[in-house]
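[1] all I have is the shape, not the residue letters:
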């Protein structure tokens, strides 16, 4: 297996991002020197995937701390809060962004940090810790989830949830990888995932590099693939999970979940605890980002629809809890009733000691 | 309303096709001088849509009759049968191709035709009759189907079933057009329809020219559109309908039908009787065409997936009869149980006098 180029790397004074918009044709990187550059990289999807954009936001605050000319702690904290607001708004649906910003600001606000330098060091350390933890969380999701994958499984996957969606390894694809590492044979059916084609461009590329057999399909072919080949399970990621289990994930997930339900195919959501939003009672409370029409009407500079076409381009949809079989978190598998299980998963992360570098 | 350029036009010695691969950017035409050129135009989707490819095949046989150097009736009939076999194989799923070839060969085989010229004239006349009838069939489907459309309806549509899929007017979109012509307000949600984007490229373009309001969405967003906006009905075309009502149509139709079922949305199939195959007992007897991988892996010359990606690219899927609310044929609406109603629709077409030019 060939290692996948790193999604993001902290270079001491800048954040290096793999430019995912150019995959699979090129493996180019983009360096962010300021928090605004990092926010723009999140917005334009140079980096994407809920875990990856959370950690990117944390390093964006490290950049804010490095670039700030603040001469006292309170000015520094103010600069960090301002940068945090920009980052929070860069993509509204994934809760990991807000979670990452809150966590770094909390670390920066520790009253024992009595100098600009102390705050700056704490911010960078917190971001580095979060990157480290993200890898461990992915590995744990893989370990918790792989028993759900039968030997010889045909797995249907939507969007990209691999190493490229996280710091390393991946969430839903992490479960697939762990299953393969434990000797199970699998075949992955890869939804191309319109409009941004994360399945075709990123997941197919990652699986190919890992030597995991896959078949690329259009999103509309998923139900017919279930009927034709027999699919053993679907596994997807998530961008925000409400306390009742309603789940925001890449547009097309809900459509896929309905097809799975109609065919009796288990539908699993790989879910880092940071993606659970206990403040959100149900899916109706989740704001769905709508992106530009030209993601649908144009392709590689060519018009594929009338220039004046009216378009609805939600980046995410909501899969209701009753279409989900189970969540796989780093703290274990959560089955219905989800409300108690998701709250318990969050509680466990709060009481467990964090990893430290 | 601006008239849509004609899908196909018989020019006396050649068949002129609108090149649908170049829409909406350009309205270019391609002239076919030989049956092989017409078969290739069907294969490469210069012309597509079950009714349109049926009539194209009929005119392709007219080209075969014109180009044949046969000096006696039996040599002419042999040349027509050879051309018919090529046409039949150009796209295997839509039954209209085989139906059109059979019908023209039957007309050519009339024992009263005692010269090469008489056969040639009969073939051309039969093709022209079929083109004429196709328009009338579409109009009747529209008239039979429009009462299914409530005023203010939100309609979800897959692929293209408009004037471009037929000689004129359209089948499923013909129902929408008739509803609008009868004063109903509608809004059409247009599935873009991967991989060939007939919804984005053709349906959005046709609706725009007709002044019918629409919103373009990705195929994966259809279920979320049902949940978000409330969809009153889905209406699609078909490529082959088995005697039990199982229906082959553009890939993604089955996925859409499952979403409609989950939301209690009526699912209608606009169905010219020529698309009903009473010789086919169920969907499992329908051969599904699989097309090239590069329809999915490449776009406008650019790779959007690894070059060696394994791909499954069925052009059609099978929607089981129990996911279909009704068929709208030129002979009336067929509701369950479909077997008797579809057979009756076929019988009516057989006993009714054909239109004659």
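    Everything's here; your move. What you see is a predicted model, and the numbers here were worked out from it, not measured in a lab.

[2] what about the lowest-mean-pLDDT helix or strand in chain A, near chain B?
    Taking mean pLDDT, DSSP states H and E as the measure, chain A has strand A:302-303 as its least confident helix or strand, at a mean of 90. Yes. Counting by Cβ under 8 Å from any Cβ of the partner chain, chain B is contacted by strand A:302-303 at A:302, A:303. For the C-beta atoms, the positions are set from N, CA and C on the backbone; glycine is no exception.

[3] right, and the helix or strand after that strand?
    strand A:316-319 (DSSP states H and E).

[4] would that next one count as contacting chain B?
    Yes. On the criterion Cβ under 8 Å from any Cβ, strand A:316-319 is in touch with chain B at A:317, A:318.

[5] given that strand, what are its sheet partners and their directions?
    Applying DSSP bridges to the sheet, strand A:316-319 is found paired with strand A:247-250 (antiparallel).

[6] buried stuff in the partner strand?
    Of the residues in strand A:247-250, A:247, A:248, A:249, A:250 count as buried by neighbour count, 16 or more other Cβ atoms under 10 Å in any protein chain shown.

[7] would you turn those into CSV with distance to residue B:199 and pLDDT?
    Converted to CSV, these look like this (distance: Cβ to Cβ, whole Å; pLDDT from 0 to 100):
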residue, distance to residue B:199, pLDDT
A:247, 27, 98
A:248, 25, 98
A:249, 23, 98
A:250, 20, 98
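
[8] next, residue A:328: secondary structure please.
    strand (DSSP: H, G, I helix; E, B strand; the rest coil).

[9] just to revisit the earlier point, show me which of the buried residues of strand A:247-250 is closest to residue A:178.
    Nearest to residue A:178, judged by Cβ to Cβ, of the buried residues of strand A:247-250 is residue A:249 at 20.4 Å.

[10] now for that closest one: which residues touch it?
    A:158, A:159, A:236, A:237, A:238, A:239, A:269, A:316, A:317, A:319 (Cβ atoms under 8 Å, 6 or more residues apart in numbering or on different chains).

[11] swap in residue A:147?
    Contacts of residue A:147 (Cβ under 8 Å, 6+ apart): none.

[12] now do the SS call for it.
    helix.

[13] and the pLDDT for it?
    We have a pLDDT of 98 for residue A:147.

[14] my guess is residue A:91 contacts residue A:41. True?
    No. Counting by Cβ atoms under 8 Å, residue A:91 stays clear of residue A:41, with 10.9 Å between them.

[15] what about those two, which has more around it?
    Using other Cβ atoms under 10 Å in any protein chain shown as the criterion, residue A:91 and residue A:41 rank with residue A:41 on top: 25 against 22.

[16] mind jotting down where the strands sit in the stretch 151-300 of chain A?
    In the stretch 151-300 of chain A, the segments counted as strands under DSSP state E, counting those that start in this stretch are A:153-157, A:186-191, A:214-217, A:233-236, A:240-242, A:247-250, A:267-270, A:276-277, A:298-299.

[17] for residue A:232, grab the count of nearby residues.
    If we define neighbours as other Cβ under 10 Å, then residue A:232 has 18 of them.

[18] I'd like the average pLDDT over stretch A:96-107.
    Averaged across stretch A:96-107, the pLDDT comes to 96.

[19] so where's chain A shaky on pLDDT?
    A:1-4, A:352-357 (pLDDT under 70).

[20] quick one on the thing from earlier: winner for burial among the strands of the stretch 151-300 of chain A?
    strand A:247-250 (a mean of 30; mean count of other Cβ atoms under 10 Å in any protein chain shown).

[21] hmm, back to that, save the strands of the stretch 151-300 of chain A as CSV, and put in distance to residue B:342 too.
    Shown next, in CSV, are the strands of the stretch 151-300 of chain A (distance: least, Cβ to Cβ, whole Å):
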stretch, distance to residue B:342
strand A:153-157, 33
strand A:186-191, 33
strand A:214-217, 30
strand A:233-236, 34
strand A:240-242, 45
strand A:247-250, 39
strand A:267-270, 35
strand A:276-277, 50
strand A:298-299, 39
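
[22] quick one, which of those is nearest to residue B:146?
    When the strands of the stretch 151-300 of chain A are compared by Cβ to Cβ, strand A:298-299 sits nearest residue B:146, at 34.3 Å.

[23] report whether that closest one contacts chain B.
    Yes. Strand A:298-299 comes into contact with chain B (Cβ under 8 Å from any Cβ), by way of residue A:299.

[24] just checking, what packs against that strand?
    Applying 3 or more Cβ pairs under 8 Å, 6 or more residues apart in numbering or on different chains; DSSP states H and E, we find strand A:298-299 packed against no helix or strand.

[25] direction included, what does that strand pair against?
    strand A:302-303 (antiparallel).

[26] now what about the strand it pairs with, what contacts it?
    A:297, B:24, B:25, B:300.

[27] of these, which is the nearest to residue B:219?
    When those are compared against residue B:219 (criterion: Cβ to Cβ), the nearest one is residue A:297, at 14.9 Å.

[28] go ahead and confirm that closest one touches residue A:311.
    Yes. The pair residue A:297 / residue A:311 is scored as a contact, 6.2 Å apart, by Cβ under 8 Å.

[29] anything in contact with each of these two?
    Shared contacts of residue A:297 and residue A:311, counting by Cβ under 8 Å, 6+ apart, come down to A:305, B:216.

[30] quick one on the thing from earlier: check the buried residues of strand A:247-250 and tell me the two furthest apart.
    Maximum pairwise distance in these, criterion Cβ to Cβ, is 10.7 Å, between A:247 and A:250.

[31] what's the overlap in contacts for these two?
    What both residue A:247 and residue A:250 touch, as defined by Cβ under 8 Å, 6+ apart, is an empty set.

[32] which residues does stretch A:71-88 contact?
    A:35-36, A:38-39, A:42, A:57, A:60-61, A:64-65, A:68, A:70, A:97-98, A:101, A:104-105, A:108-109, A:113-116, A:118-120, A:123.

[33] mind checking which of those residues are buried?
    A:35-36, A:38-39, A:42, A:57, A:60-61, A:64-65, A:68, A:70, A:97-98, A:101, A:104-105, A:108, A:113, A:116, A:119-120, A:123.

[34] just the residues you listed: which are in helices?
    A:35-36, A:38-39, A:42, A:57, A:60-61, A:64-65, A:97-98, A:101, A:104-105, A:108, A:116, A:119-120, A:123 (DSSP state H).

[35] got the domain ranges for chain A?
    A:8-139, A:140-351 (automatic domain parsing).

[36] switch those domains over to a markdown table; also include distance to residue B:220.
    Listed next are the domains of chain A as a markdown table, based on distance: least, Cβ to Cβ, whole Å:
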| stretch | distance to residue B:220 |
| --- | --- |
| domain A:8-139 | 16 |
| domain A:140-351 | 3 |
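
[37] winner for burial among the ones you listed?
    By mean count of other Cβ under 10 Å, these have domain A:140-351 as the most buried, with a mean of 22.

[38] quick check: end-to-end length of that one?
    Domain A:140-351 has an end-to-end distance of 17 Å (criterion: Cα to Cα, to the nearest Å).

[39] how far does it sit from the chain's center?
    With Cα atoms, centre = their mean, to the nearest Å as the basis, domain A:140-351 stands 10 Å off its chain's centre.

[40] again, but for stretch A:337-353
    19 Å.

[41] now do it: everything it contacts.
    A:241, A:243-245, A:273-274, A:276, A:278, A:321, A:324, A:327, A:329-332, A:334-335.

[42] returning to what we had before: pick the one among the contacts of residue A:249 closest to residue A:209.
    residue A:159 (17.6 Å).

[43] who's the residue lying closest to that closest one once chain neighbours are set aside bridged to?
    Distances taken as Cβ to Cβ, 6 or more residues apart in numbering or on different chains place residue A:250 nearest to residue A:159, at 3.9 Å, with adjacent residues excluded. Beta bridges link residue A:250 to residue A:316, judged by DSSP bridges.

[44] wait, residue A:250 sits on residue A:319?
    No. Contact status for residue A:250 versus residue A:319: not in contact, 10.3 Å apart, counting by Cβ under 8 Å.
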